[in-house]
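*Asks:* Got a predicted structure plus its sequence, pasted below:
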Amino acid sequence: MRELTHGVFVETDYAGGNVGLILSERGALLVDTPMLPRDARDWQSNLRSMGVGSLWGIVNTDPHPEHFLGNACFWPVRILGHELTVKQVAKYKASALEELAELYRERDAELADELAELDVHGPELCVEDRLTLHLGDRHVQVLHLNGHTPASLGVYLPEERILFAGDNVVNHGYPVMFQANSAAWLETLNAIRAMDIELIVPGSGEPCGKEAIESLVAYIAELRARVLELFRAGASRRECVEKAVLVERFPVPEEQAALVKRRKRENVERVYAEIRTSERRR
């Protein structure tokens, strides 16, 4: 666990992405929770060892399971999320949770069984645009940051100049775009550029400065331009996947090569769907 400034922490070692802790006079505010039950229990144990007694609440930065499944470990607790999150989180109470468990069954049957039996707790308090929390000595803004998903949120500490950006920012890696609005994502990244920020906590990777935004902007902008060019030339979605060869902007560890290859393909397919819709409306 790393302390970013007095009373503000991030843990970057859990599967699925980063989680944050913001201490205040009104209790602790968590930014996301670990996806795997054992990680959530470890996070809970670490909080107890730090003397964190009460939680004010949890902010889930988007409706993907790596951000909210760990809520069960801290229940009952106040949970905040974007209003579009509620319906998507609810589906994990049915078949989607079992599908997630099956991904782990061969590697860890005990973990798979535990995932399948999790209680799913989504947001009770919903944010549409922004919400300011006055937690005694700590002022926190919860911001809608459309892009990675339509329901993505950021958690901004204006006095500390820290932004928990969720998966709208990844540090030195290819972003996940299967639910993205890439045009809105570029607008969000430009808005983050303009904010008074000293430190960004990305959805994955180490905390960074605004310099991490530049490669993301370049990647998404190039992806949109290339897919638009191919679409207007009559390329099908499959042809776009084959022909949209882009600059390699991020390092790819050998053990993640297959995952990144699939992610890049999915990103092209998502942007193709966006471009096709926008071009047909013209």
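*Replies:* Looks like it arrived, so ask away.
*Asks:* what number of residues lie near the residue lying closest to residue 114 once chain neighbours are set aside?
*Replies:* Spatially, and ignoring its direct neighbours in sequence, residue 114 is nearest to residue 37 (5.0 Å; CB to CB, 6 or more residues apart in numbering). Every residue, glycine included, has its C-beta placed from N, CA and C. Counted with other CB atoms under 10 Å, the neighbours of residue 37 add up to 17.
*Asks:* so who does residue 37 touch?
*Replies:* Residue 37 makes contacts with 69, 70, 72, 73, 111, 114, 115, 118, as judged by CB atoms under 8 Å, 6 or more residues apart in numbering.
*Asks:* so what's residue 206 up against?
*Replies:* 12, 171.
*Asks:* in which helix or strand would I find it?
*Replies:* Assigned by DSSP states H and E, residue 206 belongs to neither a helix nor a strand.
*Asks:* thinking again about what came up before, closest to residue 80 among the contacts of residue 37?
*Replies:* Proximity of those to residue 80 (CB to CB) peaks at residue 70, which lies at 14.7 Å.
*Asks:* Secondary structure element for the nearest residue to residue 78 once chain neighbours are set aside, which one?
*Replies:* Spatial nearest neighbour of residue 78, chain neighbours left out: residue 57 (3.5 Å); criterion: CB to CB, 6+ apart. Take DSSP H and E as the rule and residue 57 turns out to sit in strand 55-59.
*Asks:* Next SSE downstream of that strand?
*Replies:* Next along from strand 55-59, by DSSP H and E: helix 65-68.
*Asks:* Need the CA coordinates for that next one. PDB is fine.
*Replies:* Taking C-alpha atoms only, helix 65-68 is exported to PDB below (Å, rounded to 0.1, in the frame of the first residue of the first chain):
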ATOM      1  CA  PRO A  65     -17.000  -6.700 -11.600                       C
ATOM      2  CA  GLU A  66     -13.400  -5.800 -10.800                       C
ATOM      3  CA  HIS A  67     -14.700  -2.600  -9.200                       C
ATOM      4  CA  PHE A  68     -17.700  -3.800  -7.200                       C
END
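*Asks:* Just the residues contacting that helix, thanks.
*Replies:* 15-17, 32-33, 35, 60-61, 79, 81, 89, 92, 96, 100, 120-122, 166.
*Asks:* what mean pLDDT would you report for that helix?
*Replies:* In this model, helix 65-68 has a mean pLDDT of 94.
*Asks:* Tell me if I'm right that residue 86 and residue 120 touch.
*Replies:* No - contact criterion CB atoms under 8 Å: residue 86 and residue 120 do not qualify, at 11.4 Å.
*Asks:* Would you confirm that residue 165 contacts residue 145?
*Replies:* Yes - counting by CB under 8 Å, residue 165 sits close enough to residue 145 to count as a contact (7.0 Å).
*Asks:* Show me the helices in the stretch 51-200 of the chain, by range?
*Replies:* 65-68, 71-74, 85-90, 95-105, 109-116, 182-194 (DSSP state H, counting those that start in this stretch).
*Asks:* Output those as TSV; include the columns mean neighbour count.
*Replies:* Formatted as TSV, those follow (neighbours: other CB atoms under 10 Å):
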stretch	mean neighbour count
helix 65-68	24
helix 71-74	20
helix 85-90	18
helix 95-105	14
helix 109-116	15
helix 182-194	17
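*Asks:* mind checking which of those helices is nearest residue 153?
*Replies:* helix 85-90 (8.6 Å).
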